[in-house]
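# Output the structure for:
(2 chains)
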Amino acid sequence: MSAELAPMLPKTPTKSHGPRTLSATMFANAWRTTEFRIGFFIFFGLILLSVVGPSLLGVSPTKFSVADKFLPPLGFEGGSWSHVLGTDQLGRDLFARSLIGLRNALMIGVVSVVGMFLIGSIIGMIAGYVGGWVDLILMRITDAQMAIPVIILAITILGVSRPTPVTIVCVLILAGWPAYARTARSVMLSERRKEYVRAAKILGASNLRILLVHIAPNILPPIAFVAVLDVARMMIIEAILGFIGIGIQPPTPTFGTIIADGTKYLMNAWWITTVPGLLLAISLCGINLMGGALERARNKLLQGVS
Amino acid sequence: MLFAVDFFLRRLLQGLVIIVLVAMLIFTLLRIVPGDPVRIMLGPMVSAEVAEETAQKMGLRDPIPVQFARYVGQVASGDFGRSFVRSAQGASTGGSRGGDTFDAANRASVMGLILIALPYSLLLAGLSFAIAMAVSLPIGIAAGLKSGRWPDRMALYLSSVFVSLPNIWLALVLIFLVSVKGGLLPAIGYRNWTYAILPAIVLAIELTPVFIRSASVAVSSNMMESYVPSGMIRGLSRKRMIVAHVLRNSMIPMLNVVGIQAIGLLLGSLFVIEYAFNYPGVGLLMINAVFQRDFPVIQAIAILACMVLVVVNILVDFAATTIDRRLQY
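Model (predicted):
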């Protein structure tokens, strides 16, 4: 019976024929807004710039040149085309340094959010699926984690251990996963009793397949915008860690370390803090525009459903 | 009355579990990182035997669970131990001192250090809260009442800009423009309360988007409820409807956001901003303690910060259930 029916059923819902999933609708709706597109182009423009920019500039971000120190940006007195956005206290090109800083910030932001998303979702789904005392313990742990402000946890761990990009990402994941775990768990709890899960089970789908193919995509709508906004938050935290001196260590330039360098020369070389700060603010703006648009798209979706 | 007792008992017990878990996490983390606290206290000049003897005497060689149990016992009686590096006179010691002058009574008590710094942080936090409220409530409520029209859009743009400003950078820009160039407000250190204004503005700008958003969402969703038109049909003016009913009902979600999100945000940012402004509050104490590897101070502040969050959480939920008894706890 089932063998005869099987060929008639589409194996996977294809985009053109089957109904669009909730998350696909949400992304499509968000994409239709101007804010999302502006944010998207800013974000991907900056990613492109941070990847190819440093080599296009042809200036080393770490090369000292005492003769060129404290050069202001182009358009101010003493500025020149060789250092478009000026130089710092050691004559290093600020644009090149800021772009490397942007690359580091983006990398840490994106990798840590992907990490906390994956780990949080897996733990949350396990908690929701298994239930019982596993659920209880996992949720108490997320309670405890959520009671520690991210920055305090990061300062405590990174301040007393040696900060490398890997440890920074680990600390951020450690601080950020509980929110994702909670969402994944609540999605799991509400979805597992629904009709389509039973239908999939009757059709002979394995538990793992139901989890990954049918339930997992439903985690996206409530958490996608949080993840996008979290990239911005993690980038700010990365800058803060660098500023305090417990981020990625010099000579690798990061937003935080360049800004911290500039504080000593705020009086006569304002551009040292301004250039990386503005670049960071622009990238945050792009990310926040995308996140905001996604959030509104999701809210609209919820209103439509209920 | 019985309700309140039941509520607090249940929630305090839950909170206690959370705090013990957090304390365990921080305590263990600080014990497994490389670096011997005895070396930090006594400096590199001390012989290995003296260092070992001191460590034994202080119980630093016991297994971590034993140390943790002892620490919890101390904390339960209100004693957070003594600083590794700061002397009771206030000066930071440690490093080059000889082992023979090492003496527990000489070192500052952690609680004392925190109590000295706390009023400064409270002043800063209170001021930033007041500024943020004064700016964001009118904007947020206007945005909520005219949902989808220009006040709403303006509020959205304003919060998008504010939320994209990195706080450390904003701090430096304001120090440069307001303090160095403008000479309007003092910025670095602390002599009188005016030194708190500039850092409070930075913190307020960080809080504003959260407040605006929660106010506008709460007000606009309440305006869509059916009780608004039905009240107006019964002859209540729109103004009275808004002031007496919509705003009151909007308080619950706002209280949640202000209590939990804003306090959490503030607890993190306060530390960084105090550091950027060299403002002598708890945050600066913590960051300096991290640099000096002053573990008792670090763990005390981290645990207290979590306690504040947990207690605020409980109070917020209690306030919410008192305002609206339909809410379950």
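# For the rest of this, base every contact and every neighbour count on C-alpha atoms.
Noted.
# which ones are touching B:G144?
By CA atoms under 8 Å, 6 or more residues apart in numbering or on different chains, the residues touching B:G144 are B:D152, B:A215, B:S216, B:V217, B:A218, B:V219, B:S220, B:S221.
# What's the local residue count around the fourth one?
The tally of other residues near B:V217 (other CA atoms under 10 Å in any protein chain shown) stands at 21.
# residues touching B:V161, list them.
Applying CA under 8 Å, 6+ apart as the definition, the contact partners of B:V161 turn out to be A:C285.
# The one 10 residues further on too?
The neighbours of B:A171, taking CA under 8 Å, 6+ apart as the test, are B:P199, B:V202, B:I273, B:A276, B:F277.
# per-residue confidence for it?
Reading off the confidence values, B:A171 has pLDDT 89.
# so which strand or helix has it?
Of the helices and strands defined by DSSP states H and E, B:A171 is found in helix B:167-174.
# so how far is that helix from its chain's centroid?
Its chain's C-alpha centre lies 19 Å from the corresponding centre of helix B:167-174 when counted by CA atoms, centre = their mean, to the nearest Å.
# who wins for neighbours among the contacts of B:A171?
With neighbours taken as other CA under 10 Å, the top of these is B:P199, carrying 28 neighbours.
# Three-state assignment for that residue, please.
When classified by DSSP: H, G, I helix; E, B strand; the rest coil, B:P199 comes out as helix.
# I'd like the distance between it and A:L284.
Applying CA to CA, to the nearest Å, the value for B:P199 to A:L284 is 21 Å.
# wait, is A:R162 part of a helix?
No - under three-state DSSP, A:R162 falls outside any helix and is assigned coil.
# ok, and what's touching stretch B:289-307?
Under the criterion CA under 8 Å, 6+ apart, residues A:147-149, A:152-153, A:155-156, A:159-160, B:19, B:22-23, B:26-27, B:30, B:37, B:40, B:80-85, B:110, B:114, B:267, B:282, B:286 lie in contact with stretch B:289-307.
# Just the buried residues out of these, in PyMOL syntax.
In PyMOL, the members of these classed as buried (16 or more other CA atoms under 10 Å in any protein chain shown) are selected with the following command:
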select buried, (chain A and resi 147+148+149+152+153+155+156+159+160) or (chain B and resi 19+22+23+26+27+30+37+40+80+81+82+83+84+85+110+114+267+282+286)
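# Strands - which of the contacts of stretch B:289-307 land there?
Among the contacts of stretch B:289-307, the members falling in strands are B:R82, B:S83, B:F84, B:V85 (criterion: DSSP state E).
# wait, the second one sits on B:R107?
Yes - B:S83 lies in contact with B:R107 (CA atoms under 8 Å); the separation is 6.0 Å.
# who's in contact with the spatially closest residue to A:V187 that is not a sequence neighbour?
Using CA to CA, 6 or more residues apart in numbering or on different chains and skipping residues adjacent in sequence, the residue nearest A:V187 is A:I219, 6.1 Å away. With CA under 8 Å, 6+ apart as the criterion, the residues that contact A:I219 are A:S121, A:T183, A:A184, A:V187.
# Give me the distance between A:I219 and A:I173.
Counting by CA to CA - A:I219 and A:I173 are separated by 18 Å.
# Also B:Q292?
Relative to A:I173, B:Q292 is positioned 26 Å away (criterion: CA to CA).
# ok, the two, which is more surrounded?
In this comparison of B:Q292 against A:I173, neighbours counted by other CA under 10 Å, the higher total goes to A:I173 at 23 against 20.
# so what's that one closest to, chain neighbours aside?
Of all residues not flanking A:I173 in the chain, A:M116 sits nearest, at 4.8 Å (CA to CA, 6+ apart).
# Equivalent analysis for A:P221, please.
Leaving out its chain neighbours, A:P221 is closest to A:S23 (CA to CA, 6+ apart), at 5.3 Å.
# ok, B:P209 touching B:S164?
No - in this structure, B:P209 sits apart from B:S164 without contact. The criterion is CA under 8 Å, and the distance is 10.0 Å.
# Run through the residues that contact residue 174.
Unless you meant another one, I'm taking chain A. With contacts defined as CA under 8 Å, 6+ apart, A:L174 is in contact with A:M116.
# Can you look at chain B instead?
Residues in contact with B:L174, defined by CA under 8 Å, 6+ apart, are B:L198.
# could you check the angle helix B:167-174 makes with the helix or strand A:L229 falls within?
When secondary structure is defined using DSSP H and E, the element that contains A:L229 is helix A:220-244. For the pair helix A:220-244 and helix B:167-174, the angle between their directions (axes from the mean of the first three to the mean of the last three CA atoms, to 10 degrees) equals 50 degrees.
# And the average pLDDT for helix A:220-244 is what?
88.
# Remind me what that helix packs against, helices and strands.
Under the contact criterion of 3 or more CA pairs under 8 Å, 6 or more residues apart in numbering or on different chains; DSSP states H and E, the helices and strands touching helix A:220-244 comprise helix A:22-31, helix A:94-130, helix A:165-191, helix A:255-263, helix A:271-305, helix B:263-276.
# Just the buried positions in the helix or strand hosting B:G126, please.
B:G126 is part of helix B:110-145, with elements assigned from DSSP H and E. Going by neighbour count (16+ other CA under 10 Å), the buried part of helix B:110-145 is B:110-111, B:113-114, B:117-118, B:120-121, B:123-125, B:127-129, B:131-133, B:135-137, B:139-145.
# what residues does the stretch 101-250 of chain A put near chain B?
Of all the residues in the stretch 101-250 of chain A, those in contact range of chain B (CA under 8 Å from any CA of the partner chain) are A:140-141, A:143-145, A:147-153, A:155-157, A:159-161, A:236, A:240, A:243-244.
# from the residues you listed, which ones fall inside helices?
When DSSP state H defines the helices, the subset of those inside them is A:140-141, A:143-145, A:150-153, A:155-157, A:159-160, A:236, A:240, A:243-244.
# just to revisit the earlier point, which one of the contacts of A:I219 is nearest B:V246?
A:T183 (29.6 Å; CA to CA).
# Can you give me the distance of the closest one to A:I126?
As judged by CA to CA, A:T183 and A:I126 stand 12 Å apart.
# Equivalent analysis for B:I175, please.
B:I175 sits 49 Å away from A:I126, taking CA to CA as the criterion.
# Need the nearest residue in space to the most centrally placed residue in chain A, chain neighbours excluded.
The central residue of chain A, meaning the one whose C-alpha is nearest the mean C-alpha position (CA atoms, centre = their mean), is A:V231 at 2.5 Å. Excluding its sequence neighbours, the residue lying closest to A:V231 (CA to CA, 6+ apart) is A:G109, at 4.8 Å.
# That neighbour contacts A:L229, doesn't it?
No - with contacts counted by CA under 8 Å, A:G109 stays clear of A:L229, the gap being 10.2 Å.
# burial count for residue 289?
Chain wasn't specified; assuming chain A. Based on other CA under 10 Å, the number of other residues close to A:L289 is 27.
# other chain: chain B
Under the neighbour criterion other CA under 10 Å, B:A289 is assigned a count of 24.
# and it, helix, strand or coil?
Reducing the assignment to helix, strand or coil with three-state DSSP, the entry for B:A289 is helix.
# picking that back up, and B:I175 and A:I126? Which one has more around it.
Counted by other CA under 10 Å, B:I175 and A:I126 do not tie: B:I175 has more neighbours, with 24 against 19.
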